[in-house]
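**Student:** no sequence on hand, only this structure:
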């Protein structure tokens, strides 16, 4: 299971992706880390594409396609930067684990798209659309399976933490299902969902990396808290972008959450701020199983009439600040400052 | 992860299930093993129900429901009997692994039912029917996740073999999808599918148990070959029961494979034996996406006109005989004779 890793070919699209994630206003210091990080993320990509090989070409193809459309590489970037912030000179010690977490993330996106009937993912047809329901379900399973094989390279407590965060993920998914079309589910339920669906796995990944780096307990806890807060900031910002984002930058249509009836922080805060008459209208439209464009635009119009968007934007920023404070336990240096930048980016990003 | 296992309550339905699996013509000697095996299977059931607990009740409920409708406990029975055949005095050493393999089997059934739109499983509503598509997909994922957590209790090579057999399973599933409605896919393809979908995981489970029991390589290989042949016998027999079984005994409607267009050994052998005119009729009906009862009955009628059923029944028996021969490496004793009986049962069973 220790591959003789050949030099990954330089990947200009990966460089663009990583540089985009770091954000436009990145200082010269952080920009200097870019080549190292692009190489790290490329190595993780290489490792996960390697384990996806199977004797049956179509399964490999669907799984690799899922990976290629499966995200902005925020998780691999976070994991590489965290390990380096703790003093590592290369990411060899965490390469497979980072690949495992990225595969788990990808698996859930593939299954989410089946559940939500989503046809687009990062500007391309989703696995569901490109390969059909049976292959989407099975390739999601396959991604989970290969992820666990990668995790099996690590000590048992790391495997178990990885498993627990996957269980959290599944739980987040069913909690979300339970509140679909239900605006009365409220903020507390919302936070339970995103803590499990988004934050838990990032927290688990970073805590595992701190343990592999033999960091003291305070650093493990700090990085876990950082990962959790950053994940929440990321998700809260995502809610906002679902209504106010640029679909070209996002690579997916707007109003997905509204259409699917997922109560977001934005819809919950809007609902709480409307007067009784508009509240009833908002709820009625939100509950429609098949929304037309005019319904979605009216929901946005009602949202515009409140200050919910500003409140939600501020709340995302507060989570970013919380993430940055949690880094106090980590020694200062360029990679810690990069982690701070990534936390800020989670609530500032436009894509 | 080492639970303080309380005495599992005696479970009369489990006793009926195990005794049914052993078959009616079980000798007095084997019947004497029944209480031990019922206890073993009960312990495995207990362990897997234990790990399915989650903070969100509905996920636990769906997962446990899947387990309760998820099979005849053939795999746990085989695993317990194999470990005891190698001299173990209790199944403590393999309890979690047996639970893991049963959870993996259950996970694939849940996802299969989503893919095949199956509404019934062992006489009860399938998870799909009882909980809906989103929860069926997520609870299948959850079953995989908990299975890997259980497997994580064992040494890395065991975890990896478990993972590889899961990858085989996924591959078998997509291979099957690729040949749906296609009678020209042929015997070789059929065997590739069932070796991966059914046989590989049983072979992996029994080989792992032999390794945990520190058995010599010849025994590990013999039990792997036994598991593989038994799995194939089981599946070939399953194909026959899909057309000629008793739906009440099976707990599911007949003609599922015909309806879904899965080429079985029975349909392939029938097709190969018909004259050109009837071959064309058989193929045309087989390829219908929505078959009416009269179509299914006509397919059965055409099958009846050939000796395909007898040929397939004989082929299942030959796999049982191959499984029994593979046990030569295992020392003789009551549990080895039980394993022989289970291999015979795989191609004789009516449920």
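**Tutor:** Received the coordinates, thanks. Please read these numbers as outputs of a predicted model, since none were measured by experiment. Numbers count the residues shown, from 1 in each chain, chains lettered A, B, ... in the order given.

**Student:** the strands in chain A, which residues?
**Tutor:** A:120-121, A:124-125 (DSSP state E).

**Student:** in CSV: those, plus mean neighbour count, distance to residue B:167 and mean pLDDT.
**Tutor:** All C-beta atoms are positioned from the backbone trio N, CA, C, and that covers glycine. Converted to CSV, the strands of chain A look like this (neighbours: other CB atoms under 10 Å in any protein chain shown; distance: least, CB to CB, whole Å; pLDDT from 0 to 100):
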stretch, mean neighbour count, distance to residue B:167, mean pLDDT
strand A:120-121, 21, 23, 83
strand A:124-125, 14, 25, 90
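
**Student:** by contact count, what packs against the longest helix seen in chain A?
**Tutor:** Selection of the longest helix in chain A by residue count, based on DSSP state H, yields helix A:217-244. Other helices and strands packing on helix A:217-244, by 3 or more CB pairs under 8 Å, 6 or more residues apart in numbering or on different chains; DSSP states H and E, are helix A:74-85, helix A:186-194, helix A:200-212, helix A:256-260, helix A:265-273, helix A:308-326, helix A:334-348.

**Student:** redo that, cut-off 6 Å
**Tutor:** Contact here means 3 or more CB pairs under 6 Å, 6 or more residues apart in numbering or on different chains; DSSP states H and E; on that basis helix A:217-244 packs against helix A:200-212, helix A:265-273, helix A:308-326, helix A:334-348.

**Student:** indicate which one of those is closest to chain B.
**Tutor:** Among the helices and strands packed on helix A:217-244, the nearest to chain B by CB to the nearest CB is helix A:200-212 (11.6 Å).

**Student:** and the longest helix of chain A with helix A:186-194, angle?
**Tutor:** Helix A:217-244 runs at 110 degrees relative to helix A:186-194, counting by axes from the mean of the first three to the mean of the last three CA atoms, to 10 degrees.

**Student:** give the buried residues for helix A:217-244.
**Tutor:** By neighbour count on 16 or more other CB atoms under 10 Å in any protein chain shown, the buried set for helix A:217-244 is A:219-244.

**Student:** how far does that helix sit from the chain's center?
**Tutor:** Helix A:217-244 has its C-alpha centroid displaced from the chain centroid by 9 Å (CA atoms, centre = their mean, to the nearest Å).

**Student:** what's the answer for stretch A:123-139, then?
**Tutor:** Worked out by CA atoms, centre = their mean, stretch A:123-139 lies 19 Å from the chain centre.

**Student:** how about residues contacting that stretch?
**Tutor:** A:62-63, A:66, A:69, A:110, A:113-114, A:118-119, A:251, B:111, B:115, B:170, B:173-174, B:177 (CB atoms under 6 Å, 6 or more residues apart in numbering or on different chains).

**Student:** quick one: name the residues of the stretch 151-300 of chain A near chain B.
**Tutor:** A:152, A:156, A:159-160, A:163, A:166-167, A:170-171, A:173-175, A:177 (CB under 6 Å from any CB of the partner chain).

**Student:** kindly recompute the last result at 7 Å.
**Tutor:** Residues of the stretch 151-300 of chain A lying close to chain B by CB under 7 Å from any CB of the partner chain are A:152, A:156, A:159-160, A:163, A:166-167, A:170-171, A:173-175, A:177-178.

**Student:** which one of these sits closest to residue A:101?
**Tutor:** residue A:166 (9.7 Å; CB to CB).

**Student:** please name the nearest non-neighbouring residue to that closest one.
**Tutor:** Closest residue in space to residue A:166, ignoring its immediate chain neighbours: residue B:145 at 4.4 Å, by CB to CB, 6 or more residues apart in numbering or on different chains.

**Student:** so that neighbour makes contact with residue A:170?
**Tutor:** Yes: judged on CB atoms under 7 Å, residue B:145 makes contact with residue A:170 at a distance of 6.5 Å.

**Student:** need the overlap of contacts for those two.
**Tutor:** Here residue B:145 and residue A:170 have no joint contacts, going by CB atoms under 7 Å, 6 or more residues apart in numbering or on different chains.

**Student:** thinking again about what came up before, just the ones in helices from the residues of the stretch 151-300 of chain A next to chain B, please.
**Tutor:** A:156, A:159-160, A:163, A:166-167, A:170-171, A:173-175, A:177-178.

**Student:** what's the closest of the strands of chain A to residue A:212?
**Tutor:** Here strand A:120-121 is closest among the strands of chain A (CB to CB), at 30.6 Å.
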